[in-house]
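# Provided below are the primary sequence and the corresponding predicted coordinates.
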Amino acid sequence: MFSLPITLSHTHSPPYKRQIARQIESLICSGRLQEGSRLPSIQRMASLLQVSKNTVLGAYDLLLDQVDQLEGSVLW
């Protein structure tokens, strides 16, 4: 079973997708999520966090956008 230490604040102002993306980014930066590790599928992550699949898809899209921005800055 896959487990990530992600908790969502129901009173915190950022949308859930942004909270999820920030926490995954933090896990990567801190080394708790190693290079080559696979994130759960969208459906599995949604089930684990009890949010919609669209919320998780949005979080994953935010992370991919950050990767694209980093790759672009390295190339130029």
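Ah, there it is.
# For the helix or strand bottoming out on mean pLDDT in the chain, buried residues please.
Least confident helix or strand, the chain: helix 53-75 with a mean of 84, by mean pLDDT, DSSP states H and E. The neighbour-count check on helix 53-75 (16 or more other CB atoms under 10 Å) flags 55-56, 58-60, 62-63 as buried. Every residue, glycine included, has its C-beta placed from N, CA and C.
# and if you look at stretch 22-31?
Buried residues in stretch 22-31, counting neighbours by 16+ other CB under 10 Å, are found at 23-24, 27.
# Which member of the residues you listed is positioned nearest Arg44?
Taking CB to CB as the measure, Arg44 sits nearest to Ile24 out of the buried residues of stretch 22-31, at 14.0 Å.
# where's that closest one, which helix or strand?
helix 16-29 (DSSP states H and E).
# now Met45
Element membership for Met45, per DSSP H and E: helix 42-49.
# by contact count, what packs against that helix?
Under the contact criterion of 3 or more CB pairs under 8 Å, 6 or more residues apart in numbering; DSSP states H and E, helix 42-49 touches helix 16-29, helix 53-75.
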